[in-house]
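S.K.: model this:
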Amino acid sequence: MNKYYVKTILYAYPNLEFVAEQIDKIVQEKAFLSMEDCRPCLEQCEDILEYTYQKDCLFSLELMLNNIIGKITPNEMDYLEYKYFKRKPKEYFVDFDAESRGYFRKQAMLAEKVGTMLEKEGMTDKEFEEKYLPIEFFKRLLECTIDHESAFCKN
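M.R.: Residues are numbered from 1 along each chain as shown. Model prediction:
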């Protein structure tokens, strides 16, 4: 699987529920403002259905990632927490070596491992592009991931 897609998915993981809540707000707003929208009712319903589909995709991805994370070691989880999830306090990582070549090799191998596990769960590049890239959050996060990786690799 495309390494940028995998990294985007990992960065997105701790935010999936928040994004789903934002979709709920958009749907609710569209429903409330439907009387002021001059477009045909069918178009408005299709918009709401598209947002509902996006939310379903988010929950599907979250279930897939929960399954994958359940299969990795605690040490690997620390690496994911440090780079992607950032849910633990900084004090947790006091003696964590994030400067050595070993750290960067481990992160690269771990992203590759997660990519392979995503593929085994049925996630393909095509599926990511069709289901997740239409969601503005993923589109922007992918751009940021590519920019971050490009800037990092130049140094």
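S.K.: show me what contacts residue 134?
M.R.: For residue 134, the contacting residues are residue 54, by Cβ atoms under 8 Å, 6 or more residues apart in numbering. (Each C-beta comes from the backbone N, C-alpha and C, glycine too.)
S.K.: name the SS class of it, please.
M.R.: The three-state label given to residue 134 by DSSP: H, G, I helix; E, B strand; the rest coil is coil.
S.K.: distance check, it against residue 81.
M.R.: Distance of residue 134 to residue 81, computed by Cβ to Cβ, to the nearest Å: 29 Å.
S.K.: with residue 4 instead?
M.R.: From residue 4 to residue 81 the distance is 20 Å (Cβ to Cβ).
S.K.: with residue 104 instead?
M.R.: 16 Å.
S.K.: quick one: which of the two has more around it?
M.R.: residue 81 (16 against 13; other Cβ atoms under 10 Å).
S.K.: how about that one, phi and psi?
M.R.: The phi/psi pair for residue 81 (degrees, to the nearest 10) reads phi -60, psi -40.
S.K.: please name the nearest non-neighbouring residue to it.
M.R.: residue 88 (5.2 Å; Cβ to Cβ, 6 or more residues apart in numbering).
S.K.: same question, residue 137
M.R.: residue 19 (5.0 Å).
S.K.: which SS class is residue 98?
M.R.: coil.
S.K.: that one: what's it in contact with?
M.R.: residue 82.
S.K.: surely residue 112 touches residue 2?
M.R.: No: between residue 112 and residue 2 there is no contact under Cβ atoms under 8 Å: 11.3 Å.
S.K.: how about the longest helix seen in the chain: buried residues?
M.R.: In the chain, with assignment by DSSP state H, the single longest helix is helix 41-69. Within helix 41-69, the residues that count as buried by 16 or more other Cβ atoms under 10 Å are 44, 47-48, 51, 54-55, 57-58, 61-62, 64-65, 68-69.
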